[in-house]
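Colleague: have a look; sequence and predicted model below, questions after that.
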Amino acid sequence: MRWSWFMPYHFFIKRREEREERERAFYENGSLLLEKLIASCNAKPIPIRTFSAQQLRQATNNFSFEKLVMEFSLWYKVSLERRIVLIKGSFVCNAKPIPLHTFSPQQLPQATNNYPAEHLGFYWYRGSLEGRIVLIKRLDILAYIAINDLVISAQMSGHSNVVKPIGCCLHTPSPIFVYEFAANGVLAERIPVSSVTERQHQPMVWERRLKIARQIAHALSYLHTAFPRPVIHMGISLYNILLGENDVPKLSSFYFSVSIPEGEADVEELLTGEDSITITRFTIDKDSTLVAYIHNRAQGSCINEIVDPAILAEDGEEGASLQHQLQAVLDLALTCTEEDPQTRPTMVDVTKQLRRIERFTQIGEELGGNLQNLKLNESLEKHASASFKRNVSNDEIQEVKEASEGPLEA
């Protein structure tokens with residue numbers, strides 16, 4: 001008899017504790033998000049919706065393995081509000097309510113089938129949320145890092161080459177993010193030879209690779225110039241670039257992005273400088289880094305040892321033109337990895353140069369001679385200085401903001 005009254009009471013206490021935990025998480029995460037929005041947007045509102053935890057659980061079928069798109073940063077592909085989006089989750093711990101649309105704590109797990117072990121890529125889950133397919137992302141990092149990702153993604157959402165956030169769930173200790181759906185997966189599954197072979201994909205052709213490089217460079221140019229202080233991504237990799245319809249690249253994962261502090265002319269650790277150059281996980285033969293490996297072979301004109309064999313296999317009637325294009329991109333890439341910041345181009349410069357090289361690709365063999373004589377250093381020296389040490393002109397900033405993805409002019 002004693003248990004007859006105790007069990008309902010115990011159930012009531014448990015439900016109350018769960019409700020209090022959701023409220024606490026919402027206020028903590030919401031306050032952190034609001035703080036970062038105010039700091040980065042000068043208090044201007046950003047139309048980010050918030051979802052309940054229930055909504056996201058439903059959308060991801062309780063974050064099931066089948067809905068997981070990329071495991072490295074917990075992205076889920078789901079249907080939410082009649083469209084396919086991505087949901088991003090994170091295990092976090094700190095943050096006031098904000099005027100954003102929220103999903104309930106129950107929606108997202110349902111959308112991802114309770115976050116299953118199977119996934120598409122690295123911790124991205126595909127789910128169905130409110131009648132549409134979305135991507136849901138969970139990320140095992142600190143709260144302020146996760147919120148940073150959402151804030152910058154929202155600021156960048158107007159750019160066609162940035163994955164767009166749809167909403168978030170702040171009712172859990174680990175905020176969960178919902179993004180638009182990327183139909184063609186992750187670039188990391190389309191470029192490395194091992195991934196292409198394993199998934200039986202066709203190797204990505206050179207022309208498409210070059211276009212993706214130019215589009216991502218344009219997105220980074222916008223990131224560097226569109227805000228009061230330049231913001232640096234800090235995590236560019238093949239795993240952080242999603243592919244939409246027609247392989248349109250979508251830059252993601254801004255959790256480590258930072259703005260250059262006021263009064264600082266150059267912050268070396270934020271650039272592709274010493275840390276990137278001295279990283280040892282790409283050690284090949286006697287070369288200490290991938291950059292050193294490429295530098296050594298570029299000096300010896302051994303470009304065929306560097307380039308993906310799948311690209312060299314395209315070598316046909318336009319073989320000479322292709323070689324010139326590859327050499328031009330290689331020269332540009334090596335300039336971007338110079339140890340001296342003074343010799344590195346800005347991303348605005350890189351975007352212009354890639355667009356110029358891409359024009360030669362489109363025009364074809366008749367301009368091969370001009371491309372062969374392309375003087376990258378002349379263009380780069382014209383704009384040379386440390387990235388962000390020089391002031392990008394207002395005209396260049398406006399050009400970046402207004403640039404379209406229409407046909408390249410001849």
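Modeller: Nice, thanks for sending it over. Numbers count the residues shown, from 1 in each chain.
Colleague: what bits of the stretch 151-300 of the chain have low per-residue confidence?
Modeller: 192-201, 261-290, 297-300 (pLDDT under 70).
Colleague: redo that, cut-off 80
Modeller: Applying pLDDT under 80 to the stretch 151-300 of the chain flags the ranges 170-175, 192-202, 228, 260-300.
Colleague: count of residues packed around residue 342?
Modeller: By the criterion of other C-beta atoms under 10 Å, residue 342 has 12 neighbours. C-beta coordinates here come from the backbone N, C-alpha and C atoms, glycine included.
Colleague: local confidence estimate at residue 43?
Modeller: Looking at residue 43, its pLDDT is 49.
Colleague: dump stretch 245-257 to CSV, keeping only the CA atoms.
Modeller: C-alpha atoms of stretch 245-257 as CSV (Å, rounded to 0.1, in the frame of the first residue of the first chain):
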residue,chain,number,x,y,z
GLU,A,245,22.0,20.6,-55.5
ASN,A,246,24.3,20.6,-58.5
ASP,A,247,27.2,20.4,-56.1
VAL,A,248,26.9,24.0,-54.9
PRO,A,249,29.3,24.2,-52.0
LYS,A,250,28.0,25.3,-48.5
LEU,A,251,30.6,26.4,-46.0
SER,A,252,29.7,25.3,-42.4
SER,A,253,31.1,24.9,-38.9
PHE,A,254,32.0,28.3,-37.6
TYR,A,255,32.4,27.2,-34.0
PHE,A,256,36.1,28.2,-33.8
SER,A,257,35.7,31.4,-35.9
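Colleague: in that stretch, what counts as buried?
Modeller: Buried residues in stretch 245-257, counting neighbours by 16 or more other C-beta atoms under 10 Å, are found at 247-255, 257.
Colleague: just those residues now: which is nearest residue 151?
Modeller: If you rank these by distance to residue 151 using C-beta to C-beta, residue 254 comes first, at 8.0 Å.
Colleague: nearest to residue 314, of the buried residues of stretch 245-257?
Modeller: Sorting these by distance to residue 314 puts residue 247 at the head of the list, at 16.6 Å, by C-beta to C-beta.
Colleague: ok, that closest one - contacts?
Modeller: 184, 190, 204, 208, 212 (C-beta atoms under 8 Å, 6 or more residues apart in numbering).
Colleague: rerun at 10 Å
Modeller: 183-185, 187, 190, 204, 208-209, 211-212, 215 (C-beta atoms under 10 Å, 6 or more residues apart in numbering).
Colleague: check residue 248 too.
Modeller: If you count contacts by C-beta under 10 Å, 6+ apart, then residue 248 has 160-161, 182-184, 211-212, 215, 242, 405 around it.
Colleague: related to what we said a few turns ago, helices - which of the contacts of residue 247 land there?
Modeller: 208-209, 211-212, 215 (DSSP state H).
Colleague: quick one, what contacts residue 166?
Modeller: By C-beta under 10 Å, 6+ apart, the neighbours of residue 166 are 48-49, 51, 80-81, 83, 85-87, 101, 103, 129-130, 132, 134-136, 157, 177-181.
Colleague: of those, buried ones?
Modeller: Here, 16+ other C-beta under 10 Å leaves 48, 51, 80-81, 83, 85-87, 103, 129-130, 132, 134-136, 157, 177-181 buried among these.
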